[in-house]
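Participant: Provided below for reference: sequence and predicted model.
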Amino acid sequence: MAHPRRMRLLVVVQPPIGGVARHVADLLPFLEPEEWDIELFCPEGSIVWAAGAEQANVTLTAISGRRAPSPSDLATTWRLVGALRRADVVHAHSSKAGFQVRALAALVGRGRRVVFTPHGWSFWAVGGWKGRVCAALERAGAWATHTIVCVAAYERDAGLREGVGRRSQYAVVPNGIELDRFMDGPAPVEGRLVMVARLAAPARRPELLVAALPGLRAKHPSAHVVFVGDGPLRGALAAQASALGVADAVTLLGDRTDVPDQLKTAAVAVHACRYDGCSLAVIEAMAAGRPVVASRVGGMDEVVLEGSTGELCSDDPEDWVATVATLLDDPLRAEAMGAAGRDRARERFARERMAQAVTDVYRCVAQPLGLMGR
């Protein structure tokens, strides 16, 4: 395919850590310099910043990583206006960036060039009147959006139920990862449960796993939970474990760079959460060949095939006890689930597949502008 000129892509990413940042960092290497000239707005020092700094076709602009509004957002707004006017295609990731970019895009007449990925709707994180306000803002934002990219059909359907945009505006593109990073590593350790996640409410519920430990250790004395990741819930988890008498069975590793090896050591990978679309941590566990036990929420059943690659649980700790114990009781079944999960990750969750789908969305946005070669 010939390209009359490189297309100007503006990418705006607010969270400096976590799945959103990882998603964009994995996408950037597949945006070829021959086709894309990229302006990347993201927090300095984030993994997205590091990924962008490695590419000659990326120009970096630092923005605040704070989720709440801050005075620094005013400077970002001024710089974004110029970038929006230059851009052929715009992609905003997560709620804060999505609201800011789409409001400005509407003001400068660039709404039909905007792609938005919520990575979990803003109204999932808050309830009551705040949730209703967020839903109203999402509905307004959809008017200044060409395509809403959701990581799961569940996420798309939740948006439609709230009246956010039209079905024709949506594209479902599951997350993808660098599969090769998870293919080799150490052997699983008996009784070891591993959860990879930022320890933060309201999305994550690591306390469910700690609450399940006394019952689980009664069945399997070797059972212990390893939390890979940090966050504001860390202190509360340590206190909870101590109060339940299972402090020796809880390991809080904090942020790590050896996530593939940590997952490989899991007898069972666990993921307790309140909501999720297409969990990168769960996909990574499957790629590592580990059976998964996860919360029955959101789009989790689009990732984990219940009874085949893992199991899904309610928010009752006793359900976690029974489900995890069943897999620890039967290592052969657990290994078979892990193998099935690895196959599913290869078939559906490769980052090459994700990148191709997102690039196709960009080209769809650019096509009416007469920028695409034939």
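Facilitator: Cool, the structure landed. Please read these numbers as outputs of a predicted model, since none were measured by experiment. Residues are numbered from 1 along each chain as shown.
Participant: Now do the helices in the stretch 151-300 of the chain.
Facilitator: For the stretch 151-300 of the chain, the helices defined by DSSP state H, counting those that start in this stretch cover 153-161, 207-219, 234-243, 259-264, 280-287, 300-303.
Participant: repeat for the stretch 1-150 of the chain
Facilitator: Under DSSP H, counting those that start in this stretch, the stretch 1-150 of the chain gives helices at 18-27, 47-53, 72-86, 95-107, 122-125, 128-142.
Participant: How about the contacts made by His220?
Facilitator: Gly191, Ala325, Leu328 (Cβ atoms under 8 Å, 6 or more residues apart in numbering). Using the backbone N, CA and C atoms, a C-beta is placed for each residue, glycine as well.
Participant: Just the pLDDT for it.
Facilitator: At His220, the pLDDT value in this model is 96.
Participant: and what of Ser70?
Facilitator: pLDDT, Ser70: 70.
Participant: State the distance from it to Ser279.
Facilitator: 29 Å (Cβ to Cβ, to the nearest Å).
Participant: Settle it for me: which of the two has more neighbours?
Facilitator: Neighbours per residue (other Cβ atoms under 10 Å) separate Ser70 from Ser279, with Ser279 holding more: 27 against 11.
Participant: and the helix of greatest length in the chain, what's its mean pLDDT?
Facilitator: For the chain, the helix reaching the highest residue count under DSSP state H is reported as helix 331-348. Across helix 331-348, the average pLDDT comes to 97.
Participant: Let me see the residues that make contact with the helix or strand that it is followed by.
Facilitator: Using DSSP states H and E, the next helix or strand after helix 331-348 towards the C-terminus is helix 351-366. With Cβ under 8 Å, 6+ apart as the test, helix 351-366 has contacts from 7, 9, 26-27, 30-31, 36, 88-89, 91, 112-113, 115, 146-147, 149, 171, 173-179, 372.
Participant: Check stretch 227-242 too.
Facilitator: By Cβ under 8 Å, 6+ apart, stretch 227-242 touches 194-201, 204, 206-207, 210-211, 213, 247, 249-256, 259, 262.
Participant: end to end, how far does it reach?
Facilitator: Start-to-end span of stretch 227-242 (Cα to Cα, to the nearest Å) is 15 Å.
Participant: tell me which residues of the worst-scoring helix or strand of the chain on mean pLDDT are tucked away?
Facilitator: Least confident helix or strand of the chain, by mean pLDDT, DSSP states H and E, is helix 72-86 with a mean of 87. Neighbour counts over helix 72-86 (16 or more other Cβ atoms under 10 Å) mark Asp73, Thr76, Leu80, Ala83, Leu84 as buried.
Participant: now swap in stretch 231-244 and tell me
Facilitator: Judged by neighbour count (16+ other Cβ under 10 Å), stretch 231-244 contains these buried residues: Gly231, Leu233, Arg234, Leu237, Gln240, Ala241, Leu244.
Participant: One more: stretch 28-40?
Facilitator: Of the residues in stretch 28-40, those buried (16+ other Cβ under 10 Å) are Leu28, Leu31, Glu35, Trp36, Asp37, Ile38, Glu39, Leu40.
Participant: Kindly report the same for stretch 315-334.
Facilitator: If you call a residue buried by 16+ other Cβ under 10 Å, then stretch 315-334 has these buried ones: Pro317, Asp319, Trp320, Val321, Ala322, Thr323, Val324, Ala325, Leu327, Leu328, Ala334.
Participant: what's the answer for stretch 94-114, then?
Facilitator: Buried positions in stretch 94-114, judged by neighbour count with 16+ other Cβ under 10 Å: 94-106, 110-111, 113-114.
Participant: With stretch 250-268 instead?
Facilitator: Applying 16+ other Cβ under 10 Å to stretch 250-268 flags Val250, Leu252, Val259, Pro260, Gln262, Leu263, Lys264, Thr265, Ala266, Ala267, Val268 as buried.
Participant: go on, stretch 142-151?
Facilitator: Ala142, Ala144, Thr145, His146, Thr147, Ile148, Val149, Cys150, Val151.
Participant: Dump these into TSV; add pLDDT and distance to Pro16 as well.
Facilitator: Below are the buried residues of stretch 142-151 laid out as TSV (pLDDT from 0 to 100; distance: Cβ to Cβ, whole Å):
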residue	pLDDT	distance to Pro16
Ala142	96	26
Ala144	94	25
Thr145	96	24
His146	96	26
Thr147	97	25
Ile148	98	23
Val149	98	21
Cys150	97	23
Val151	96	19
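Participant: Out of the residues you listed, list just those in strands.
Facilitator: Within the buried residues of stretch 142-151, residues falling in strands by DSSP state E are Thr147, Ile148, Val149, Cys150.
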